[in-house]
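# What follows is a predicted structure for the sequence shown.
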Amino acid sequence: MSRRQTEGRVERLRTTLDGLYNGRSKAGLRFRLGLLGFDLIIVASYVVTGILGLPDGFWMLDLVLAAIVLADLTARWLISESTRSFLFRNPFHWADMVVILSLVAPLIFGDFAFLRVLRALRVARSYRVLQELRQDSRFFRRNEEIIQRTVNLGVFIFVVSGTVHALQKDINPEITTWLDALYFTMAALTTTGFGDIVLVGLSGRWLSIAILIVGVGMFLHLLQSVFRPPKVRQKCKTCGLLLHEPDAVHCKHCGHEIKIETEGA
């Protein structure tokens, strides 16, 4: 095969991939929604294995998931403007690299699988898919903010619980499954402090301090954002403010009159 034929095939591949990742066709939308569903499968695989305590032989699933994430990352690199833009313009590419490491690392270093929940951030931050969902789904348009806030809260809880589970499961008889770690995490973040499960060892003490100092504040902030009344997206023609109260008549920044479309009570 000549060099020109090879370059032609690569270019056709890039065009096809660009259509799937960035195109407006129904096939592209279905493909991107499928990727978001795959992201949820990665998170669910960790939760299920952590709760049910599946055997170590289940690592084959992790390798399959890692291969798919690697293929996805490679495709995004192929359609990027340059390697530099690929690495530095989108932080989620670095998150995907961490996810791949977390899926493969247990075979060499130990259990770092909890980091795969970082992939769930893509569910809330995939701008193009969110843009299309705003146009195609009335339910999503109404609940976009609450969906994003809930996902952020869920990812935060998963990461903290995963950290507790990974660091304590081999040294703490009270934490043997991810559910045990989740129970402790929720008791700590809500400052309930039942005391029936505590972290042991030097690493456990430092982790407890970090959860109490940093985690509680972040948890309360994310929790408040979930239950805060959602705002309506309506760009002010004068100052450009995008988010307004549902019953707003004037922009709170410039006072200009705004007309928010509603569907009635």
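Sure thing, it's come through.
# Tell me how far Ser161 lies from Arg12.
Remark: distance between Ser161 and Arg12 (Cβ to Cβ, to the nearest Å) = 45 Å. For every residue, glycine as well, the C-beta is placed using N, CA and C.
# If we ignore the residues flanking it in sequence, what's nearest Ile97?
Slight slip there: residue 97 is Met, not Ile. Spatially, and ignoring its direct neighbours in sequence, Met97 is nearest to Leu73 (7.1 Å; Cβ to Cβ, 6 or more residues apart in numbering).
# burial of the one you found, as a residue count?
17 (other Cβ atoms under 10 Å).
# any idea of the pLDDT on it?
Per-residue pLDDT puts Leu73 at 90.
# Would you double-check that it falls in a strand?
No - Leu73: not assigned to a strand; according to DSSP: H, G, I helix; E, B strand; the rest coil it is helix.
# if we can go back for a sec, same drill for Ser161 and Arg12, tell me which one is more crowded.
Higher neighbour count among Ser161 and Arg12: Ser161, with 24 against 10, using other Cβ under 10 Å.
# The more buried one and Thr177 touch, don't they?
No - counting by Cβ atoms under 8 Å, Ser161 does not reach Thr177; the two are 10.6 Å apart.
# residues near Leu182, how many?
By other Cβ under 10 Å, 21 other residues sit near Leu182.
# show me the contacts for it.
Contacts were defined as Cβ atoms under 8 Å, 6 or more residues apart in numbering; by that measure Leu182 touches 157, 161.
# quick thing: my sequence starts at 374, can you match it?
Fine by me, first position is 374 from now on; the one you just mentioned is Leu555.
# Read off the pLDDT value for Leu503.
Here the pLDDT value assigned to Leu503 is 66.
# can I assume Leu540 sits in a helix?
Yes - assigned with three-state DSSP, Leu540 falls within a helix.
# leaving aside the residues next to it on the chain, what's closest to it?
In space, and not counting its chain neighbours, Leu540 is closest to Ser576: 5.5 Å by Cβ to Cβ, 6+ apart.
# Phi, psi for that neighbour please.
Backbone torsions of Ser576, given as degrees, to the nearest 10, read phi -60, psi -40.
# so how far is His466 from it?
In terms of Cβ to Cβ, Ser576 sits 30 Å off from His466.
# again, but for Lys625
Taken as Cβ to Cβ, the span from Lys625 to His466 is 37 Å.
# same thing with Ala444?
14 Å.
# if you count what's nearby, which of these two comes out ahead?
Neighbours were counted for Ala444 and for His466 using other Cβ under 10 Å; His466 has more, 15 against 10.
# Might you report the residue contacts of that one?
Shown in contact with His466 (Cβ under 8 Å, 6+ apart): 446, 449-450, 459-460.
# if I look at Ile415, how far off is Thr422?
Distance of Ile415 to Thr422, given as Cβ to Cβ: 11 Å.
# which residue ranges form the helices in the protein?
Secondary structure of the chain, counting by DSSP state H: helices at 376-395, 399-425, 432-451, 456-461, 464-477, 494-498, 500-509, 511-541, 551-562, 574-583, 589-600.
# tell me the most buried of those?
By mean neighbour count, with neighbours taken as mean count of other Cβ atoms under 10 Å, helix 551-562 ranks first of the helices of the chain at a mean of 21.
# For that one, output the C-alpha coordinates as CSV.
Output of helix 551-562 as CSV, limited to C-alpha atoms (Å, rounded to 0.1, in the frame of the first residue of the first chain):
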residue,chain,number,x,y,z
TRP,A,551,-17.4,-0.3,49.2
LEU,A,552,-20.7,-0.1,51.1
ASP,A,553,-18.9,0.0,54.4
ALA,A,554,-16.7,2.9,53.1
LEU,A,555,-19.8,4.7,51.8
TYR,A,556,-21.5,4.3,55.2
PHE,A,557,-18.5,5.8,57.0
THR,A,558,-18.2,8.6,54.4
MET,A,559,-21.8,9.7,54.7
ALA,A,560,-21.5,9.6,58.5
ALA,A,561,-18.4,11.8,58.4
LEU,A,562,-19.6,14.2,55.7
